[in-house]
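Colleague: Just to be clear, the model below is a prediction. Sequence and coordinates:
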Amino acid sequence: MTSLSTPPTTGDDVVLLTVPADGGFLGVLRTATAGLAARLHFALDEIEDLRIAVDEACAMLLAVATRDAELDCRFSVTDDALTVEVSVPTARGARLPSESSFAWKVLTALTTSASAAATGDRATITLLTRRAAEV
């Protein structure tokens, strides 16, 4: 783990986590995801869905990451939602799977919304999950 910080913001709690872009470090991100979702009182199945979604998004990014890259993860916590934004520097000509791929179907089924952006030499996947309304 390279860095962990919580900068001051207005309204949101933000946690930044940077790990080597290597599958061996994804457990750190899954654990952080689960801890932050639990803090929002997500149901256990919602927490597990979000952990799986973060793992899938990271796997998509690792496939296009440059050699010796770092995976940056930004968690934004609000009263009823958790936004997870993961990004990596990309290899030249690398492309994320299309939004009609199975991987994207998984992401959209497990989260409230999922989106991707590729700008220059960096790819980012953003996942938003809102806590289910209490009955």
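Modeller: Yes, it's here. Residues are numbered from 1 along each chain as shown.
Colleague: what residue ranges in the protein score low on pLDDT?
Modeller: Scanning the chain with the threshold set as pLDDT under 70 gives 1-12, 133-135.
Colleague: Now do the helices in the protein.
Modeller: Taking DSSP state H as the test, the helices found in the chain are 26-39, 44-62, 102-110.
Colleague: Can you tell me which of those helices is most buried?
Modeller: Stretch with highest mean neighbour count among the helices of the chain: helix 44-62 (a mean of 19; mean count of other Cβ atoms under 10 Å). For every residue, glycine as well, the C-beta is placed using N, CA and C.
Colleague: tell me what that helix is packed against?
Modeller: Secondary-structure packing of helix 44-62 (3 or more Cβ pairs under 8 Å, 6 or more residues apart in numbering; DSSP states H and E): helix 26-39, strand 70-77, strand 81-89, helix 102-110, strand 122-130.
Colleague: Now these in JSON lines, please, with extra columns for distance to D45.
Modeller: Formatted as JSON lines, these follow (distance: least, Cβ to Cβ, whole Å):
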{"stretch": "helix 26-39", "distance to D45": "11"}
{"stretch": "strand 70-77", "distance to D45": "19"}
{"stretch": "strand 81-89", "distance to D45": "15"}
{"stretch": "helix 102-110", "distance to D45": "10"}
{"stretch": "strand 122-130", "distance to D45": "12"}
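Colleague: of all these, which lies closest to L96?
Modeller: strand 122-130 (5.8 Å; Cβ to Cβ).
Colleague: Find the residue closest to E99 in space, skipping its chain neighbours.
Modeller: Once flanking residues are discounted, E99 sits nearest to A116: 7.5 Å by Cβ to Cβ, 6 or more residues apart in numbering.
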